[in-house]
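S.K.: model the structure of this input:
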Amino acid sequence: MDLLVLFINAAVIAGTPYLFGTMGEILTEKSGNLNLGVEGMMFMGAIGGLLSVSLLESGLGVDVAPGLAVLLAVGVSFLAGAAGAFIYSVLVVTFRTQQNVTGLALTIFGVGLGNFLGDFFGRRSDTGIVRISARAGAGFSRLDIPVLSDIPYIGPLFFNYNILVYLGIAMAIVLALFFKYTRIGLNLRAVGENPAAADAASIPVAKYKYAATCIGGGICGIGGMYIIMVTTAGGVWIHNVVAGFGWTSVALVIFASWSPRRAILGSMIFGALRVMPFYFPANQLITVGFISFTMPNIPMQFYAMLPYAMTIFVLIFTSIRPNRETNPPGGLGVNYFREDR
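M.R.: Modelled structure (predicted):
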């Protein structure tokens, strides 16, 4: 059972960046905008969050406190991702450019900008790489909650994560309640389903699209910061650090059927597939409780393929059994022009 608990714990930590990227894209798509620039916004959030702490430390000559490092990284990464989404919104909402092409252009821009800034400031630093201090990085480590973290099995499963994991789950729950129970959330869903009808009901379509897309981009940016601070590098810049998390998040939106609640479960499943080869290696005898078995020799590429195969299955299942709650917004990917009404 210890192995299973450790595996679930690692799956939650590995799946959290998917959760941020998926939530941001769900919020964007609920407004009718299909932004394929998630990868680029995550890159912008990653470099923005890392540089905000690293440059402050180098400028002041002291190590930043863990709490301040978390607040600074979250805030700047959100603004960086939102800035990328704002560029997308201006092009799509105001100038009505093609959404798919604009999203792909944002990805190319964000990836290039992130890698350029990471390499540029790395060459200018004393160590030759952009990094944060160990003291600042402690803010992104696992929390040790007195008493609760020490409970056998329960502690590691629920009370042994970093602060961003709890932030991501809380944001997903709030987002689900926002869509279902608030007037603004219902208006946003109306804009995504039928912008002409929403406009006729005096709902400011452009404002809703701008707000949802920019806030969604900011949430994606936090996911990129999580990757650089927790998942991959531990506060050290690595070239091409996001490495496809954004594209997988786009697939996870479909897997979650545009539901923030299902995005929590879906992100954990995708995280589990990511870490499974490390906890259940091929040709090894595995013991879970009273059960023992030998893992088959499954290539790593199979685990990388599974999330996309599962997404295809969900697409087929939802098309066979259509449901209003699991279908994409009716106006998704279609630019709205008031004079066309």
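S.K.: which parts of the stretch 151-300 of the chain are helices?
M.R.: For the stretch 151-300 of the chain, helices defined by DSSP state H, counting those that start in this stretch occupy the ranges 154-158, 163-181, 183-193, 195-200, 205-226, 245-255, 260-279, 300-320.
S.K.: would TSV of those helices with mean neighbour count be doable?
M.R.: Quick note: C-beta positions are derived from backbone N, CA and C, even for glycine. TSV is the format used below for those (neighbours: other C-beta atoms under 10 Å):
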stretch	mean neighbour count
helix 154-158	16
helix 163-181	17
helix 183-193	18
helix 195-200	17
helix 205-226	26
helix 245-255	24
helix 260-279	20
helix 300-320	13
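S.K.: same list (those) but as TSV, adding mean pLDDT and distance to Gly40.
M.R.: Shown next, in TSV, are those (pLDDT from 0 to 100; distance: least, C-beta to C-beta, whole Å):
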stretch	mean pLDDT	distance to Gly40
helix 154-158	89	34
helix 163-181	97	20
helix 183-193	97	22
helix 195-200	95	25
helix 205-226	98	9
helix 245-255	92	7
helix 260-279	91	20
helix 300-320	76	20
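S.K.: between those, which gets nearest to Leu332?
M.R.: Among the helices of the stretch 151-300 of the chain, the nearest to Leu332 by C-beta to C-beta is helix 183-193 (6.7 Å).
S.K.: list the contacts of that closest one.
M.R.: For helix 183-193, contacts defined as C-beta atoms under 8 Å, 6 or more residues apart in numbering pick out 29-32, 178-179, 197-198, 201, 203, 205, 208-209, 212, 329-332.
S.K.: before we move on, back to that, quick one: which of the helices of the stretch 151-300 of the chain is nearest Ala11?
M.R.: That would be helix 260-279 among those, by C-beta to C-beta, at 3.7 Å.
S.K.: got the CA coordinates for that closest one in CSV?
M.R.: The C-alpha trace of helix 260-279 is given here as CSV (Å, rounded to 0.1, in the frame of the first residue of the first chain):
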residue,chain,number,x,y,z
PRO,A,260,-13.6,22.1,-14.3
ARG,A,261,-14.6,19.3,-11.9
ARG,A,262,-13.8,16.6,-14.4
ALA,A,263,-10.6,18.4,-15.2
ILE,A,264,-9.4,17.6,-11.7
LEU,A,265,-9.8,13.9,-12.2
GLY,A,266,-8.5,14.1,-15.8
SER,A,267,-5.3,15.9,-14.8
MET,A,268,-4.6,13.3,-12.1
ILE,A,269,-5.1,10.5,-14.6
PHE,A,270,-2.7,12.2,-17.1
GLY,A,271,-0.2,12.8,-14.3
ALA,A,272,-0.5,9.1,-13.2
LEU,A,273,0.4,8.0,-16.8
ARG,A,274,3.3,10.4,-16.7
VAL,A,275,4.9,8.9,-13.6
MET,A,276,3.7,5.3,-13.9
PRO,A,277,6.9,4.0,-15.6
PHE,A,278,9.0,5.3,-12.6
TYR,A,279,6.8,3.6,-10.0
